[in-house]
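1. Provided below for reference: sequence and predicted model.
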Amino acid sequence: MKTVEEIKAAIQAAVPGAGVEFVPNPSPCAQHSLRLTPGRAVEIARFLRDDPELAFDFCSNVTGVDWLDKETSEKVKVKRTVNKTVDGVEQAVEETVEETHKHVEPGYLEAVYHLYSMAKRHGPLVIRMRTVNRTDQVELPSLTPIWRGAEFQEREVFDLYGIVFKGHPDLRRILMWDGFKDYPMRKDYVDPDDYEYEPTAHDAVLKRAQAHQAAAEK
């Protein structure tokens with residue numbers, strides 16, 4: 001099998017202008033991956049499947065990742081004019097001071113696919129796509145039209161993370177019921193305090209249910 005860098009080069013040669021980013025994995029497994037630009041992802045996926053040498057004809061796994069907003073700090077030296085008393089005389093003096101600037105990088109959701117070639121007996125190749133944010137721009141193209149095995153797994157990612165796969169043939173909840181709200185695998189998911197649907201509530205669950213009932217009776 002070609003290296004991930006070689007596969008990236010093959011994609012760029014076959015799909016001109018395709019956005020493909022090499023994502024290194026510093027862990028001992030060194031399972032590097034490729035991040036695809038969503039707008040060209042279906043075209044790239046078709047090439048990965050149909051190219052005679054690569055022939056990634058099987059998608060074994062699809063999962064989601066929730067990346068929360070990330071706050072970073074950076075120390076910056078800036079010049080400031082301050083008033084100081086020098087020899088009994090107050091005067092403006094320019095000084096260089098160090099300030100801490102904070103930046104917030106918006107979070108996003110990510111879909112990750114593991115591909116194999118049954119024909120060539122190689123893999124996996126890990127490809128990924130990310131949404132614009134975690135709120136109102138959570139759409140990604142479905143790769144089910146390329147790999148049929150992604151159908152149920154994309155539904156799981158939709159159900160548990162909230163990624164909306166455009167072009168999916170049957171996108172609906174698969175684990176949670178239709179009326180369920182929120183997405184249980186997101187990192188900021190909060191368990192509900194109403195466990196009345198649990199017939200044998202006990203321990204911490206029972207305490208939360210009792211607290212909810214008491215609040216409702218007020």
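-> Yes, it's here.
2. gap between the nearest residue to Asp178 once chain neighbours are set aside and Val42?
-> Nearest residue to Asp178 in three dimensions, chain neighbours excluded: Arg172, at 7.5 Å (Cβ to Cβ, 6 or more residues apart in numbering). Glycine gets a C-beta too; all of them are placed from N, C-alpha and C. In this view, Arg172 and Val42 are 21 Å apart by Cβ to Cβ, to the nearest Å.
3. more crowded one of the two?
-> More crowded of Arg172 and Val42, by other Cβ atoms under 10 Å: Val42, with 17 against 9.
4. SS state for that one?
-> Judged by DSSP: H, G, I helix; E, B strand; the rest coil, the three-state class of Val42 is helix.
5. leaving out chain neighbours, which residue sits closest to it?
-> Pro141 (5.2 Å).
6. so who does the one you found touch?
-> Neighbouring residues of Pro141 by Cβ atoms under 8 Å, 6 or more residues apart in numbering: Pro38, Gly39, Ala41, Val42, Met129, Phe165, Lys166, Gly167.
7. and these, which is closest to Ala204?
-> Set against Ala204, the nearest of the contacts of Pro141 by Cβ to Cβ is Phe165 (35.3 Å).
8. wait, isn't that closest one in contact with Glu154?
-> Yes - shown here, Phe165 and Glu154 form a contact pair, counting by Cβ atoms under 8 Å, at 4.8 Å.
9. out of those two, which sits in the more crowded spot?
-> Glu154 (29 against 23).
10. per-residue pLDDT, the more buried one?
-> Note for Glu154: predicted pLDDT of 98.
11. which residues touch it?
-> Glu154 neighbours (Cβ under 8 Å, 6+ apart): Val62, Ala111, Ser142, Leu143, Thr144, Ile163, Phe165, His168, Leu171.
12. just the ones in helices from the residues you listed, please.
-> In helices, judged by DSSP state H, none of the contacts of Glu154 are found.
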